[in-house]
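Colleague: Return atomic coordinates for the entry below.
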Amino acid sequence: MNPTIKVIIPAYNEENSIAHVIHDIPSMVNEIIVISNNATDNTEKNAKNAGATVLQENRKGYGYACLKGMDYISKQEAAPDIVVFLDGDYSDYPEQLTEIITPIVQNDIDFVIGARVKKLREKGAVTPQQIFGNWLACFLMKLFFKSKFTDLGPFRAIKYHKLLALNMVDKTYGWTVEMQLKALKQEFSYVEIPIKYRNRIGVSKVSGTVKGSIFAGVKILGWIFKYSFK
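Modeller: Below is the predicted model of the structure:
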């Protein structure tokens, strides 16, 4: 029996990329949910035209958008088996969703991260501050929790009931690391799948600015130290 899969895509001003992302998502997906995070361009229109369900979340923040998508799913009559999170900037290869969900479907793994490994990354696709931030966060998770994570990649899949068990709360930049820390604390089974990564369409709202990079770094480290001393 094929699993029911929902994809959540937070999007802030991604009018030039969102349709590409949606069109490249494999047809096995049951619903693509794009959350317009206070977008001021044609993101919503282009997402709808490409066939996605479009929600609005006017409170700015990656976590706010993801939580909006989860709230929408929770009100549906039938719960999905798997939820996939994917960015709307076309830096990931959405067709690799089949690889991301395979460990869940075939091996009953709880949680899968798409790891943006160096040999599969396009030059310039990941900024120096992102590389350092990922390394530091993963090093600290290894130090404190014996984690095997190598990346905080946003392209990820998780069993829906396990996602609910995490009780996610972060509203902004700490969403990805919160999920990984809570999965470690609850001893979920997890694996990483090496994925390709290219230069995004448009400018990053986080790593593309000094302010965004600093806030993201502080939030990520804050979550790690919070859980380290619990």
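
Colleague: Surely residue 52 touches residue 9?
Modeller: Yes - checked against C-beta atoms under 8 Å, the pair residue 52 and residue 9 is within contact range at 7.4 Å. From N, CA and C alone the C-beta is placed, and that goes for glycine too.

Colleague: Which neighbours do those two have in common?
Modeller: 18, 22, 32, 33, 34 (C-beta atoms under 8 Å, 6 or more residues apart in numbering).

Colleague: Taking the residues you listed together, which two end up most distant?
Modeller: The largest separation in the shared contacts of residue 52 and residue 9, counting by C-beta to C-beta, is between 18 and 33 at 12.1 Å.

Colleague: Which one of these two is surrounded by more residues?
Modeller: Applying other C-beta atoms under 10 Å to residue 18 and residue 33 shows that residue 18 carries more neighbours, namely 31 against 21.

Colleague: Now do that one against residue 80, distance only.
Modeller: Distance of residue 18 to residue 80, given as C-beta to C-beta, to the nearest Å: 21 Å.

Colleague: so where is this protein shaky, pLDDT-wise?
Modeller: The model of the chain has pLDDT under 70 over residues 203-217, 227-230.

Colleague: dump the residue contacts of the residue nearest the centre of it.
Modeller: For the chain, residue 154 is the residue whose C-alpha lies nearest the centre (C-alpha atoms, centre = their mean; 3.0 Å). The contact partners of residue 154, taken as C-beta under 8 Å, 6+ apart, are 85, 86, 87, 92, 114, 176.

Colleague: For the protein, which segments are assigned as helices?
Modeller: When secondary structure is read from DSSP state H, the chain shows helices at 18-24, 43-49, 62-74, 97-107, 128-145, 160-166, 175-185, 210-228.

Colleague: can you tell which of those helices is closest to residue 196?
Modeller: When those are compared for distance to residue 196 using C-beta to C-beta, the nearest one is helix 97-107, at 10.1 Å.

Colleague: Closest to residue 196 out of the contacts of residue 154?
Modeller: Checking the contacts of residue 154 against residue 196 with C-beta to C-beta, the nearest one is residue 92 at 7.8 Å.

Colleague: Quick check: the closest one vs residue 197, distance?
Modeller: The span separating residue 92 from residue 197 equals 6 Å under the rule C-beta to C-beta.

Colleague: Comparing those two, which residue is more hemmed in?
Modeller: The residue with the greater number of neighbours, taking residue 92 and residue 197 and applying other C-beta under 10 Å, is residue 92; the counts read 25 against 22.

Colleague: neighbours around the nearest residue to that one once chain neighbours are set aside, how many?
Modeller: Using C-beta to C-beta, 6 or more residues apart in numbering and skipping residues adjacent in sequence, the residue nearest residue 92 is residue 155, 4.5 Å away. For residue 155, the tally of surrounding residues (other C-beta under 10 Å) stands at 24.

Colleague: Tell me who's in contact with residue 155.
Modeller: 84, 85, 86, 87, 92, 96, 100, 113, 114, 195.

Colleague: how does it look with 7 Å?
Modeller: Residues near residue 155 by C-beta atoms under 7 Å, 6 or more residues apart in numbering: 86, 92, 100, 114, 195.

Colleague: Could you measure from it over to residue 83?
Modeller: Using C-beta to C-beta, one obtains 12 Å as the distance from residue 155 to residue 83.
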